[in-house]
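Participant: Pasting a predicted model and its sequence here:
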Amino acid sequence: MKRRYRSPRTAPLIVALITSVAAVTLALCVAAFLRSYRAAVVQSACTSSAQAVNQVVGTVGNYVENLEETVGDVMAEMYAPEESRDAYLNAWLNARSEVVAVTTYDAAGTLQDCWALGHTPRQNILQNLSFDLGAARRSADGYTSTPHVESIFAGYYPWVVTVVRPMPSGNTPRWVAVDVRFSGLGASINGVGIGQHGYCYLMDEHGNMVYHPQQQLLYAGIKTEEAARLAGLADGTYVEDTVIYSIQDVPGSNWRVVGVSYIDETVNESVWQMARITLGTAALILAAALLTGWVISHMLSHPLQRLETAMEQFEQDADGFTFQPVAGTREVQELSDSFGHMVGRIQQLMTTVREEEIDLRKTELKALQAQINPHFLYNTLDSIAWMCEQGKNGDAVKMVHALARLFRISISRGHELIPIEKELQHAESYLLIQKFRYKNQFTYHFTVDESCLHYLCNKITLQPIIENAITHGLDLLVEPGHIEITVCTEGEDVLFRVSDDGIGMSQEQVAELLQNEPSDRTGIGIKNVNDRLRIYFGPQYGLSIESVPDEGTTVTIRMPRVPEEREGDYDKTH
């Protein structure tokens, strides 16, 4: 039988469904939350970076404003008398400690005067980093240098920014330069950090570096900045792959402050921390959903499994099954009540069917037996009539006695099963009658295992087979034929073999012989015996025929070994 596909149980399906829905929902919620949270953190990081840059812009703006005030004060004194000018500048330098020196230059860029507390310029200045004649000539309003080391003094190298302003045309000196310390502003810029590794730096409007907290790394080529590219961007905050840039102009100058912060440290770390918290919470929710699903599935599936077990037990032993109602939900209780009602109804129907089947089998056996007896009686009486016609009254008397013995054994006090010994006597009486009829045209021989004589068999089993062997196997022979009857055991079965050396049959004839209906006169006994054996003992028992044309036929009858004490069991069952 083809094995039926077994669907998964309800409990795992419920647990898997609840867990899957919870997992998918949590995954979507966690992904959406982390995405929103990351966007919020990035926005917060951009705001923090912009605030830091704005702070630096304020500091640098104050510095530039102070530079302008300082240069304005110096420029105003350049028109005063020499004594008054020198006195003012010396006093002013004492008051303004951030100013390192004030210098003037002629139209050729030659240093003319220098005011510096405690320091005088070198006689031979190899390179003056505080003044660039070309830059001064190109700019009508002057210029502000990048931070550099003061190089006009011997043994004194402060870090300064120089503000160069032109004097009105025709005046001498031509340019005034004020060197202002840059270290204070550099410390202020260095002190503004964005995250753990973020920083700010100054550049001019063309992307030239004004100040960088990692200046030495830049000079060494270890670190690079994209100042030239950033110079082309407007003020604002820009988020790139791993970096956040905040750019803002310094009012009153051509300087721009650039804030650099890293997403990895300002955003990803916060996101990962939140992701750990979120995933931990999601895991707890998923565990709770799993537990809830298990509890619900247990409440539903446990009663259903009990009901399934009861159904399997009923399927295995319907007669002896006693149903115990299964408690559970309302639906399970209703299903249990319906199953209990069905069990009672099926057991009642099985009892009815069994009784009807027993009656039907008895009726079938009686009908089959009724088919054999008239058939045999017809043949026997035909033989006796033939002997009387031939004047063989003595032989006819013997045949009548043999017929009486046949019917006495056939009746067997109403029993269907008789000892094999009686069945053999019955067969021998029949062979004796047929020898008279066929004028000794055949011989016969019995080979019997004596241990089989007391087993039971269906009465009138051998006679139809012998009749068929004589009528259809030996009757057409010219020479006398022979019938061999063998009785033996094989395992738990008893075998009867009736062999003849007659004309034999083809396989098609053998098949037809076992399928003939009662209306057919040919072979009615063979089918009758086979049907009786199958009805009485089961489909594994009955007749098998082996035949070869012109060589003979062997009919094997298989039935179980039934001791005499078990006759009542078969009468009750069958």
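Facilitator: Yes, it's here.
Participant: Find the helix or strand that residue 305 is a member of.
Facilitator: helix 269-316 (DSSP states H and E).
Participant: who are the neighbours of that helix, in terms of helices and strands?
Facilitator: helix 10-77, helix 330-389 (3 or more Cβ pairs under 8 Å, 6 or more residues apart in numbering; DSSP states H and E). In short, each C-beta sits where N, CA and C put it, glycine included.
Participant: Show the average pLDDT along the first one.
Facilitator: Spelled out, that is helix 10-77. Across helix 10-77, pLDDT averages out at 78.
Participant: From the chain's centroid, how far away is that helix?
Facilitator: How far helix 10-77 lies from its chain's middle: 41 Å, per Cα atoms, centre = their mean, to the nearest Å.
Participant: immediately after that helix, which helix or strand?
Facilitator: Scanning onward from helix 10-77 (DSSP H and E), the first element met is helix 82-95.
Participant: Please spell out which residues along that following helix are buried.
Facilitator: 85, 88-89, 92-93 (16 or more other Cβ atoms under 10 Å).
Participant: Would you tell me what the next helix or strand after it is?
Facilitator: That would be, after helix 82-95 and using DSSP H and E, strand 99-105.
Participant: May I have that next one exported as PDB, CA atoms only?
Facilitator: Presented in PDB, the C-alpha positions along strand 99-105 are these (Å, rounded to 0.1, in the frame of the first residue of the first chain):
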ATOM      1  CA  VAL A  99      52.800  91.700  18.900                       C
ATOM      2  CA  VAL A 100      56.300  90.500  18.200                       C
ATOM      3  CA  ALA A 101      57.500  93.300  15.900                       C
ATOM      4  CA  VAL A 102      56.400  96.200  13.600                       C
ATOM      5  CA  THR A 103      58.400  96.700  10.400                       C
ATOM      6  CA  THR A 104      58.300  99.000   7.400                       C
ATOM      7  CA  TYR A 105      59.500  98.400   3.900                       C
END
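Participant: pLDDT averaged over that strand - what is it?
Facilitator: Here strand 99-105 scores 90 as its mean pLDDT.
Participant: Tell me how far it lies from the chain's centre.
Facilitator: Its chain's C-alpha centre and that of strand 99-105 lie 82 Å apart, by Cα atoms, centre = their mean.
Participant: which other residues reach that strand?
Facilitator: Strand 99-105 has contacts (Cβ atoms under 8 Å, 6 or more residues apart in numbering) with 70, 74, 78, 89, 92-93, 111-116, 119, 121, 130-131, 133, 136, 150, 152-153, 158, 160, 173-181.
Participant: Tell me which of these fall in helices.
Facilitator: 70, 74, 89, 92-93, 133, 136 (DSSP state H).
Participant: Number of residues surrounding the closest residue in space to residue 143 that isn't next to it in sequence?
Facilitator: Nearest non-adjacent residue to residue 143, counting by Cβ to Cβ, 6 or more residues apart in numbering: residue 135, 5.1 Å away. Neighbouring residues of residue 135 were enumerated by other Cβ atoms under 10 Å; the total is 13.
Participant: how near is residue 135 to residue 281?
Facilitator: Taking Cβ to Cβ, to the nearest Å as the measure, residue 135 falls 62 Å from residue 281.
Participant: Ok, residue 222 next?
Facilitator: With Cβ to Cβ as the criterion, residue 222 and residue 281 are 44 Å apart.
Participant: do the same with residue 70
Facilitator: For residue 70 relative to residue 281 (Cβ to Cβ), the value is 60 Å.
Participant: and what of residue 235?
Facilitator: Relative to residue 281, residue 235 is positioned 41 Å away (Cβ to Cβ).
Participant: List just the nearest of the ones in helices among the contacts of strand 99-105 to residue 347.
Facilitator: Nearest to residue 347 among the ones in helices among the contacts of strand 99-105, counting by Cβ to Cβ, is residue 70 at 115.9 Å.
Participant: just checking, the closest one touches residue 161?
Facilitator: No: at 11.0 Å, residue 70 and residue 161 do not qualify as touching, with contact defined as Cβ atoms under 8 Å.
Participant: what about residue 224, neighbour count?
Facilitator: Residue 224: 8 neighbours (other Cβ under 10 Å).
Participant: tell me which residues of stretch 241-248 are tucked away?
Facilitator: 244-248.
Participant: Compile the helices and strands packed on helix 269-316 into a markdown table and extend it with columns for distance to residue 491 and mean neighbour count.
Facilitator: Output for the helices and strands packed on helix 269-316, formatted as a markdown table (distance: least, Cβ to Cβ, whole Å; neighbours: other Cβ atoms under 10 Å):
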| stretch | distance to residue 491 | mean neighbour count |
| --- | --- | --- |
| helix 10-77 | 48 | 16 |
| helix 330-389 | 26 | 14 |
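Participant: who wins for proximity to residue 263 among those helices?
Facilitator: Closest to residue 263 of these is helix 10-77 (Cβ to Cβ; 7.1 Å).
Participant: ok, now which ones touch residue 235?
Facilitator: 247-249.
Participant: Where does residue 398 sit: helix, strand or coil?
Facilitator: Secondary structure for residue 398, judged by DSSP: H, G, I helix; E, B strand; the rest coil, is helix.
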